[in-house]
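Visitor: predicted model, plus sequence, below.
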Amino acid sequence: MSEIDTSLTKNIKKTLLTDTNNEKWDNLQVTDKDYIMYSPRPVGYNTTAEHRFLMSNLLIGYNCESVLDIGSGRSDLYGLIVDVFGMPANYHAIDHNPVMTDIATRKWNLDAVQTGAYETAELPNAEWVIASGIFTQKRCETEDDDLQKVFNDIELLYNLSTKVVSFNLLNPINNTQHEGFFYVHPGLVLDMLIEKYQNVVVRNNYSKDVYTVLIYKF
């Protein structure tokens, strides 16, 4: 493990272990007024710690740089960055769901959260372009078309980034595959991305379900 990885892991673990709100957020019920804003379940996770750790894998080497958060949901990534690294130089986010973008604006007092489709929206360049969870569902009629769509979108994100593109995918290896979700072998992704972009890292360090990909431009 590199010095950067070790430092980040220590910071993340310290943040997760000392955050007294984790249990509170995890125990929220649908009927509670704070459920949609703080519970991990509306954004697809079982616990707050799980959600934050998976997001942390997208930030290896990050150091208070500008961020474009694609498929930002409640912009919880922003909260993690502030807690672990300090205020980002600049943060811009986009999500297709207006309910989520409204929550993000109110939850973090943000003024750069955009509602719309990232494929067609006018977006700013950023040092780190991060896409968490946007490639998990099937979006096309065939697996080949889904794979081509993912690589087209990666190219779009790469062109918006000046330093790093990071995203996650579902892993088909030793994993139960569910209808409607898109799984792609990490070896295939790594081979194809290295051929095109050279500086690529794949991490499968949390669970058998999700792996993280980072493409470095420096």
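Guide: Cool, got the structure.
Visitor: quick one, what contacts R106?
Guide: M37 (C-beta atoms under 8 Å, 6 or more residues apart in numbering). Heads up, the C-betas are built off the backbone N, CA and C, glycines and all.
Visitor: same check on G133?
Guide: G133 makes contacts with 44, 71, 73, 168, as judged by C-beta under 8 Å, 6+ apart.
Visitor: if we use 7 Å, what do you get?
Guide: 44, 71, 168 (C-beta atoms under 7 Å, 6 or more residues apart in numbering).
Visitor: ok, the first one - how many residues close by?
Guide: Summarising burial for G44: neighbours were counted as other C-beta atoms under 10 Å, giving 12.
Visitor: separation between the nearest residue to it once chain neighbours are set aside and W25?
Guide: The shortest distance from G44 to any non-neighbouring residue, by C-beta to C-beta, 6 or more residues apart in numbering, is to G133 (6.6 Å). G133 is 18 Å from W25, where distance means C-beta to C-beta, to the nearest Å.
Visitor: which regions of the chain lie under the pLDDT threshold?
Guide: For the chain, the stretches flagged by pLDDT under 70 are 1-19.
Visitor: hmm, try it at 80
Guide: For the chain, the stretches flagged by pLDDT under 80 are 1-20, 206-208, 218.
Visitor: which residues touch the residue of it most remote from its centre?
Guide: Most distant residue from the mean C-alpha position of the chain: T31, 27.4 Å away (C-alpha atoms, centre = their mean). By C-beta under 7 Å, 6+ apart, the contact set of T31 is empty.
Visitor: work out for me the element it sits within.
Guide: When elements are defined using DSSP states H and E, T31 is found to belong to no helix and no strand.
Visitor: one more: N175?
Guide: According to DSSP H and E, N175 maps onto no helix or strand at all.
Visitor: distance of N204 from G187?
Guide: Counting by C-beta to C-beta, the gap between N204 and G187 amounts to 11 Å.
Visitor: neighbour-wise, which of those two wins?
Guide: N204 (14 against 10).
Visitor: surely the more buried one is in contact with P186?
Guide: Yes - with contact defined as C-beta atoms under 7 Å, N204 and P186 form a contacting pair (6.3 Å).
Visitor: list residues touching both of the two?
Guide: By C-beta under 7 Å, 6+ apart, N204 and P186 have these common neighbours: 171, 211.
Visitor: now the most centrally placed residue in the chain: how far from T142?
Guide: Computing the C-alpha centroid of the chain and ranking residues by C-alpha atoms, centre = their mean puts S132 first, at 2.3 Å. Going from S132 to T142 by C-beta to C-beta gives 25 Å.
Visitor: which secondary structure elements does the longest helix along the chain sit against?
Guide: In the chain, taking DSSP state H as the definition, the longest helix is helix 143-160. Packed against helix 143-160 by the contact rule (3 or more C-beta pairs under 7 Å, 6 or more residues apart in numbering; DSSP states H and E) you find strand 126-131, strand 161-170.
Visitor: output it as CSV - backbone C-alpha positions only.
Guide: Output in CSV follows, covering the C-alpha atoms of helix 143-160 (Å, rounded to 0.1, in the frame of the first residue of the first chain):
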residue,chain,number,x,y,z
GLU,A,143,-24.8,-6.0,-22.8
ASP,A,144,-22.5,-4.9,-25.7
ASP,A,145,-24.4,-1.6,-26.0
ASP,A,146,-24.2,-1.1,-22.2
LEU,A,147,-20.5,-1.6,-22.3
GLN,A,148,-20.1,0.8,-25.2
LYS,A,149,-22.3,3.4,-23.4
VAL,A,150,-20.0,3.1,-20.3
PHE,A,151,-16.9,3.7,-22.3
ASN,A,152,-18.4,6.6,-24.2
ASP,A,153,-19.4,8.2,-20.8
ILE,A,154,-15.9,7.6,-19.4
GLU,A,155,-14.5,9.5,-22.4
LEU,A,156,-16.9,12.3,-21.7
LEU,A,157,-15.8,12.5,-18.0
TYR,A,158,-12.1,12.2,-19.1
ASN,A,159,-12.5,15.3,-21.3
LEU,A,160,-14.0,17.2,-18.4
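Visitor: I appreciate the help and will end here.
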